[in-house]
Structure formats: C-alpha cells, structure tokens
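> got a sequence here, can you build the structure:
(chains A, B, C and D, ligands or ions: 2)
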2 protein chains.
Amino acid sequence: MLKLTKRAEYGLTALVHLTDHAGDVVSAREISEHYRLPHRLVGEALKDLCRAGHLQSLRGPAGGYRLARSASSLTVGEVIAAIEGAPALPECDAMALVDLGFDSLADCDVESRCPIRSPLHRIQEDIWRQFERTTLEELAAPDFSLIPNRNVAKTTLSASA
Amino acid sequence: MLKLTKRAEYGLTALVHLTDHAGDVVSAREISEHYRLPHRLVGEALKDLCRAGHLQSLRGPAGGYRLARSASSLTVGEVIAAIEGAPALPECDAMALVDLGFDSLADCDVESRCPIRSPLHRIQEDIWRQFERTTLEELAAPDFSLIPNRNVAKTTLSASA
DNA sequence: TCTATTAGCACTAAATTAGTGCTATTTGAT
DNA sequence: ATCAAATAGCACTAATTTAGTGCTAATAGA
Ligand code: SF4
Ligand code: SF4
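Ligands and ions are numbered 1, 2, ... in the order given. Alright, predicted model coming up:
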C-alpha cells in the first residue's frame, strides 16, 4: 500500500537521531530504547547503512555508529537504496510495451521512443526523484508548514479517541 | 518496498487508456485483453473507481466504463485513494512522540507543537502531495524529459539480456 | 577474561496482496 | 421470452513480502 518497510523506517529514524547528535557515537541499543523500537531490527538497518558507507561503526563496549558523511549531503534516496536494496525501478509493464507495439523488452529501442508510457513507472520515477533530492538535514528539521495541510494529526487523533 | 498494488497499477493503466479514448465506453475485458492483464482484477479496480465517482459504468452487452470527469481534474491521489482505500496516512510513529515527550497519541496537542518530527510521516506527506498534484492528463502524456535521466530502460534491458 | 558491541545469515510467523469463485443484476440482441 | 455479455459485490485461497528473532562470530574496552 505504498509504504516503506520497518527497516527503512527505523533506519531513517536512527539517522535523524544521529543527525541531531552529529559527531557522537550512538549504539543501536540506545536508539532502540529511546524510541522503543525492536533492538535487533534497528541493528539490521544500521548495519546496511554502514555497509553502504553512510555510517561509520565502532565495535566493542562503548561502540556504536556515527555519521560518515554530512547530513546535508546524504539523501533519503541513498538511505532507502541502502536498506531496501532496489532503487525501486521495476520491470517495464504492460502498457508501455503494448502501446508501442512491442512484444517483449528486447524489442525496446529506448533512444528513439517510449518515454515511459506507463503510469507505474512514471509515478515511481516521481517518488524517487523526490527521495534523491531530500537530504537528511531537511528531514531532521521540523517543518511547520505541514500543520495546516490535510489535518494529519487531527484525523489521527479523532480516530484514536 | 514502496510500490503500488497491482490493483492500483491496473486502475491507472485503465484510466490512462480511457483518457486516450475520452468519451468512448470501454469494457474491462477490452482493456485487459489489450494490455494482457488479468481480466477480473482490472474489473475490481474499475469498480472501485466507479464507486468513487471517477468513472461512469454502463451494464449489459456493449456496456463498460467511461470517464465521469475530465482527465485534467482527476488526480493520481484520488485514483489511488479510491483503489487502495487509505490516503496512506499512518499512525504517528515512535520518533515524533518520544521526541516531544509524549507517552501516547492522546497527549499530542498538535496546534502548538510537533510538525511531524517523524521521517516516515514526512516522506509519505511528500509522496502524497505529489500524487495530489499530478493529474491523469499529465500522466497520460509521454514525458520525453525522462529518457536522459537515471537510464531506467538501459538498466532494465541489460539486466534482462 | 568478561562483557557489550557490531556483522552476517538463516529462519519462522505474521501480514499483505494477487487472483479467482460464485452469485446477482442489468440490458441489448435474437 | 430468452440468451449472452457486461458490471456489482464479496469471500476465499495461494503466493509473496515483511517483521522479528535465533544463532554464531569478530572486535575491543574494562
Ligand atoms: S502532530 Fe506529531 S506528535 Fe502529534 S500525532 Fe501527528 S506526528 Fe504524532
Ligand atoms: S523505455 Fe519504455 S518500453 Fe522501453 S523498457 Fe522502458 S518503459 Fe518499457
């Protein structure tokens, strides 16, 4: 239903936390206890981010993670790619091929034609573009312009009341 | 992994098709055969869109669907909301609450504070905003500016070769 | 040496999604 | 009238995906 995985969610939460405490070494345990998240899953996410070079890890007691790059240069796209693997670019789907008269991908000679005549592709491109241009720094800063829109919180609140 | 459901994909495909043939009455069968999609699932999607008032349906032989509104006023957001149900606005997650010192949603007095201090929320807001401002008309029009970016098709092609 | 950490995988259980089965209703054509 | 082809609605199963944990190894401070 178009949502990120928990791994990605926890990873982003952890990174925002690390952005708030730039320079500090923080363990997966500290983060998971602070936000009351499953310890090991947070660890999995941080490990992935480490492998991708976005975090630096230190082992042993007093070990943990810290940002390997500035929060202003790290994008949400990079984070999600590191954790969920794929840049979310799925196979060419039915509409594009059929509309172009192709029977299979092999028939596609991109240079001259298509331009993504598939709603799915185009939407995922849009989303991904947004991910790639959003930095962690931006993500970490509260955005007060959000409040008046769509009444997110009000809806959530009344539903739970 | 952040993708739309097949239902939504088929619904969007069908709508783009209907946009291309504005005014015509087209049956679910025709669409599914044209794009080689599962007949019944396309039907489910179209039904949802009809219930939401975005399509008009005609029964009986020679029946089918046609747009109930102009393609330029129908947004991707409305389409996805109609098919996948939720406007994808999930519950407030850990980070926002903890950072604000709340123990539960009930403690949140939105007016004065939060502004969505949760990466997940903010990202889903971004995505949704994009959905709400993309019309079907825009979606149906090929966008040649996409080709030079990210080499979508090249990647897909070489992977399948 | 002990303990707390990260690293790496594999595995199970839960949740979600895809697709179909079945029945009813509508409506044009014969 | 009857038939055939379409939508309407919903329940159900199988497949896929995801969440979370188990287990073992390596690292390093006390
Ligand atoms: S306003 Fe912030 S703290 Fe309140 S419910 Fe929404 S996300 Fe949670
Ligand atoms: S360029 Fe278009 S037709 Fe070719 S693989 Fe990509 S989406 Fe499919």
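
> so who does the nearest residue to A:Leu4 once chain neighbours are set aside touch?
Sequence neighbours aside, B:Leu2 is the residue nearest to A:Leu4 in space, at 5.9 Å (criterion: CB to CB, 6 or more residues apart in numbering or on different chains). Quick note: C-beta positions are derived from backbone N, CA and C, even for glycine. The contact partners of B:Leu2, taken as CB atoms under 8 Å, 6 or more residues apart in numbering or on different chains, are A:Leu2, A:Lys3, A:Leu4, A:Ile80, A:Glu84, A:Ala88, A:Ile127.

> buried sites along whichever strand or helix holds A:Leu12?
Using DSSP states H and E, the secondary-structure element containing A:Leu12 is helix A:6-20. The neighbour-count check on helix A:6-20 (16 or more other CB atoms under 10 Å in any protein chain shown) flags A:6-19 as buried.

> can you pick the most crowded of the contacts of B:Leu2?
Neighbour counts for these peak at A:Ile80, which has 26 neighbours (criterion: other CB atoms under 10 Å in any protein chain shown).

> next up, the contacts around that one.
A:Leu4, A:Ala8, A:Ala88, A:Phe131, B:Leu2.

> mind pulling the model confidence for it?
Per-residue confidence (pLDDT) for A:Ile80: 94.

> tabulate the CA atom coordinates of the helix or strand where it lies in PDB.
Secondary structure here is read from DSSP H and E; on that basis A:Ile80 sits in helix A:76-84. Taking C-alpha atoms only, helix A:76-84 is exported to PDB below (Å, rounded to 0.1, in the frame of the first residue of the first chain):
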ATOM      1  CA  VAL A  76      16.800   9.900   1.600                       C
ATOM      2  CA  GLY A  77      17.200   8.100  -1.700                       C
ATOM      3  CA  GLU A  78      20.600   6.800  -0.700                       C
ATOM      4  CA  VAL A  79      19.300   5.700   2.600                       C
ATOM      5  CA  ILE A  80      16.400   3.800   1.200                       C
ATOM      6  CA  ALA A  81      18.500   2.300  -1.500                       C
ATOM      7  CA  ALA A  82      21.000   1.000   1.100                       C
ATOM      8  CA  ILE A  83      18.300  -0.600   3.200                       C
ATOM      9  CA  GLU A  84      15.600  -1.800   0.800                       C
END
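
> doesn't the residue nearest to A:Leu4 fall inside a helix?
No. Residue state for B:Leu2 (DSSP: H, G, I helix; E, B strand; the rest coil) corresponds to coil; a helix is not indicated.

> surely A:Ala71 and A:Ala22 touch.
Yes. Assessed by CB atoms under 8 Å, A:Ala71 is found in contact with A:Ala22 at 6.7 Å.

> which of these two has more neighbours?
Per other CB under 10 Å, whichever of A:Ala71 and A:Ala22 has more neighbours is A:Ala71, with 19 against 12.
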